[in-house]
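> Please work out how this folds:
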Amino acid sequence: MAKSKSSQHIKKPAFLYHLLYYTLRFYYQLYYRRITIIGLEKIPENSPVIFAPNHQNALMDALAVLFAVDKPLLFLARSDIFKKPIIARVLYFLRILPVYRLHDGLKSLEKNKAVFSETVQLLQNGSALTIMPEGTHSAGKQLQPLKKGTARIAFQTAEADGFKSPIAIVPFGIDYEHPDHAGKQLFLNVGNAISVDHYYEQYKNDPQKAIKNLTAKLQEALKNQLIHLDDLKCEDCHRLLTKLSCSKTVLSADPQLQRFRKEQKIADQFNKLKAEQSAELQWISTNCHQYLTLLKTHKLHETSSKHPLPTAVGLLLESVFFLLLFPVQLYGTLVNYLPYKIPVWISHKLKDKQFISSVNFGLSFLLFPLWYVLLFVVLLLISNDWLLSMFAFLSWPYAGLMAFYQYKNGRKLGNKWRWKLLSLKSPKLMQDIMRQRQTLIDWIDQL
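Take a look at the predicted model:
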């Protein structure tokens, strides 16, 4: 098929799109403390690509793919949100195309032919397609059974091209240290591409069988790229054991990959014990919850349970350094409190917790610049000093970031002190806690 200079609805990204893209990407990279991406070299360069990420964090999953790959991306969304012309124009501007489903009516399904024809043109012009194959987001670290839609769309896109072009589906694993919180780590794990053209002949003879087989292949491939728990009731225990495992991590060239492999191995062990209906699963779960209960009772957190504990002198020096930076933290907090806190207040009222991070991110992205401009105008009117106002304007985001991470450091410091004081006041209780902790570490070591 000849390449088209522009498609029916989605044009070549314009200046405004690029401005929004780079601004959002910059803020996205600030939103997470560290973003690690592996496997980008596995993405085919000379054939149309469909990215298939797991889905547990609403908008943030789409942004993870968008900002990780060096390709213009297309997204597919259900057709009913395109009904209003203004909204449709915005969605097309964001490079989102409608997909019509059976309950939209048989006549509506015919419109998919035009959509897939347009998709072929865009794929041939170097764009990539992103589809969430689970169909909806998961409630935690779990890959849900995949819908057939991704495979069906891949085949229908190929069919619109007369099966002339190879199409690759790339499993894209997304793992959040904590999906609801900013300032955490994000790990992206790109898998080996699945060649859809290997199933073309089967699809021509038996479409349903080809769709089923391709979906099963994608399910297996995607599960290998992420952390999957068969039972989300194990998630608290899994998170605790991961922290314990990483607390004794040796230096590595790629610590995030090492952490991911350990986390994946612990999840696989949980899944194995559940499949075997082993009593060991109940034993390790009971021990995890006993340890977590002990920590909660004494207001302790595992993140500061390093053994041996820091010395009192070391903690005093750390506290003095924290206090020296407190004025900067206070300045950053006072200036940034409202645009930071308003999204938090709103997001925590959401019934669907998977949207918390997306709402926080989206609202704060809009509120912080507006708030800074407002403060700048007020300060300029009061001081009538452009230089002072501009200096203050430039300092506010940096002070806000520092205040945020100093707040997190302060909580960790307080936790270290609680561990230290407990060890001095109640050495026997401390021994019991550390004994319980060591039981869990011994179990991890057996893996």
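> going forward, measure contacts and count neighbours with C-alpha atoms only.
Noted.
> biggest helix in this structure by residues?
Secondary structure of the chain per DSSP state H: the longest helix is helix 386-425.
> Just the buried residues of that one, please?
The neighbour-count check on helix 386-425 (16 or more other CA atoms under 10 Å) flags 389, 392-393, 396-397, 399-404, 406-407, 410, 412-413, 415-420, 422 as buried.
> helix or strand right after that helix?
helix 427-445 (DSSP states H and E).
> Give me the mean pLDDT for that next one.
Averaging pLDDT along helix 427-445 yields 93.
> Low-confidence regions, the stretch 1-150 of the chain specifically.
1-13, 101-109 (pLDDT under 70).
> could you pull out the helices for it?
15-31, 59-68, 85-93, 106-109, 111-124, 149-160 (DSSP state H, counting those that start in this stretch).
> same for the last one, what does it pack against?
Read that as helix 149-160. In this structure, helix 149-160 packs against helix 111-124, helix 207-223, with contacts taken as 3 or more CA pairs under 8 Å, 6 or more residues apart in numbering; DSSP states H and E.
> can I get those in CSV with distance to residue 151 and mean neighbour count?
Shown next, in CSV, are the helices and strands packed on helix 149-160 (distance: least, CA to CA, whole Å; neighbours: other CA atoms under 10 Å):
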stretch, distance to residue 151, mean neighbour count
helix 111-124, 13, 20
helix 207-223, 5, 18
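> Adding distance to residue 298 as columns, could you present those helices in JSON lines?
Conversion of the helices and strands packed on helix 149-160 to JSON lines gives the following (distance: least, CA to CA, whole Å):
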{"stretch": "helix 111-124", "distance to residue 298": "57"}
{"stretch": "helix 207-223", "distance to residue 298": "38"}
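> Those: which one's closest to residue 82?
Nearest to residue 82 among the helices and strands packed on helix 149-160 is helix 111-124 (13.0 Å), distances taken as CA to CA.
> and residue 328, how far is that from residue 383?
To residue 383, residue 328 is 22 Å away according to CA to CA, to the nearest Å.
> more neighbours, these two?
More crowded of residue 328 and residue 383, by other CA atoms under 10 Å: residue 328, with 15 against 11.
> correct me, but the more buried one touches residue 405?
No: the pair residue 328 and residue 405 fails to qualify as a contact (CA atoms under 8 Å) at a distance of 11.7 Å.
> Quick check on residue 194: phi, psi?
phi -100, psi 120 (degrees, to the nearest 10).
> and it, bridged to which residues?
Residues in a beta bridge with residue 194, per DSSP bridges, are residue 169.
> what sits against it?
168, 169, 170, 218 (CA atoms under 8 Å, 6 or more residues apart in numbering).
> Is it possible to mark the buried ones in those residues?
Buried, going by 16+ other CA under 10 Å: 168, 169, 170, 218, out of these.
> Among the contacts of residue 194, list the two that are farthest apart in space.
The distance between the two most remote of these (CA to CA) is 11.0 Å, for 168 and 218.
> which residue packs closest to residue 371, ignoring adjacent ones?
Nearest residue to residue 371, sequence neighbours excluded (CA to CA, 6 or more residues apart in numbering): residue 339, at 6.9 Å.
> Now that the one you found has come up, it's in contact with residue 369, right?
No: contact criterion CA under 8 Å: residue 339 and residue 369 do not qualify, at 9.1 Å.
> low-confidence ranges in the stretch 151-300 of the chain?
Looking at the stretch 151-300 of the chain by pLDDT under 70, you get 248-253.
> Where do the strands of it begin and end?
Here the stretch 151-300 of the chain has its strands, by DSSP state E, counting those that start in this stretch, at 168-176, 185-190, 194-195.
> could you dump those to a markdown table with distance to residue 205?
Output for the strands of the stretch 151-300 of the chain, formatted as a markdown table (distance: least, CA to CA, whole Å):
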| stretch | distance to residue 205 |
| --- | --- |
| strand 168-176 | 20 |
| strand 185-190 | 31 |
| strand 194-195 | 18 |
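> now, among the contacts of residue 194, which is nearest to residue 38?
Nearest to residue 38, judged by CA to CA, of the contacts of residue 194 is residue 170 at 13.1 Å.
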